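below is the structure, and that's it, no one-letter string:
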């Protein structure tokens, strides 16, 4: 079974440009998480979805960030306009329907490394 | 506020030496506890977890962790490390009161010296 698939793996863009990061969760998983990782702030939860519905977006930095999950197999994280301080590795993770055996276990993609010049 | 603290940002050890990576969390109410490992240029993967039962939990690659409720700690240990254990290790907690939200610590970078 394929894991969580993220694209692009690397993105270099100029300040002010729109950036769209994509994520395909593991089939059958019903929760999806977007995290941002930087040296300064570590791993930050941006937003998570349950059954395609955004549950908690309190970690989204500001209005320039938006996330969507139009169906169970696809999600996007968009930054418009991008700024140099958005440079980070963005991870998508999915989680199966929760039961005692798999409580809390997240399956991470390999990340999208974003550099904004 | 709910928080997870990993006191050591970096831990250098010699190959075949024992190691302990420390993790404390902010509240003693019911929690689920996890350790994840991140190898260079990869995403995180689950190393082990404590949900209930025995406080000593064994994970992959010879790692184990012990849940200590009174000290609100969940330290990770390995009796003898290998070069391949070089990675960043993250402690994570789910509080029963917010069952969907996983809080990660800031990570500990384990570097193994030959």
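The structure has been received and is ready for your questions. As the structure is a computational prediction, the values presented were derived from the model and not from experiment.

contacts and neighbour counts: CA atoms only from here.
Will do.

number of residues surrounding whichever residue of chain A sits closest to chain B?
Nearest residue of chain A to chain B: residue A:110, at 4.5 Å (Cα to the nearest Cα). Close neighbours of residue A:110, defined as other Cα atoms under 10 Å in any protein chain shown, add up to 22.

cool, and residue A:113?
By other Cα under 10 Å, 20 other residues sit near residue A:113.

again, but for residue B:10
For residue B:10, the count of nearby residues is 15 (other Cα under 10 Å).

any idea how far it lies from chain A?
Separation of residue B:10 from chain A (Cα to the nearest Cα, to the nearest Å) stands at 13 Å.

okay, the closest residue to the residue of chain A closest to chain B other than its chain neighbours: pLDDT?
Spatially, and ignoring its direct neighbours in sequence, residue A:110 is nearest to residue B:43 (4.5 Å; Cα to Cα, 6 or more residues apart in numbering or on different chains). Reading off the confidence values, residue B:43 has pLDDT 90.

what do you get for the one 10 residues further on?
The pLDDT attached to residue B:53 in the predicted structure is 87.

for the lowest-mean-pLDDT helix or strand in chain B, packing partners?
One helix or strand of chain B scores below all others by mean pLDDT, DSSP states H and E: strand B:102-104, with a mean of 87. Counting contacts by 3 or more Cα pairs under 8 Å, 6 or more residues apart in numbering or on different chains; DSSP states H and E, strand B:102-104 packs against strand B:87-95.

touching the strand it packs on from outside, list them.
Strand B:87-95 has contacts (Cα atoms under 8 Å, 6 or more residues apart in numbering or on different chains) with A:104, B:4, B:6, B:23, B:25, B:29-40, B:100-111.

kindly report the same for stretch B:43-50.
The contact list for stretch B:43-50 (Cα under 8 Å, 6+ apart) reads A:91, A:105-111, B:32-38, B:57-60, B:63-65, B:67.

any of those buried? List them.
The neighbour count (16 or more other Cα atoms under 10 Å in any protein chain shown) marks A:91, A:105-111, B:32-38, B:57-58, B:63-65, B:67 as buried among the contacts of stretch B:43-50.

residue numbers of chain B in contact with chain A?
B:32, B:41-46, B:51, B:94, B:100, B:102, B:104-107 (Cα under 8 Å from any Cα of the partner chain).
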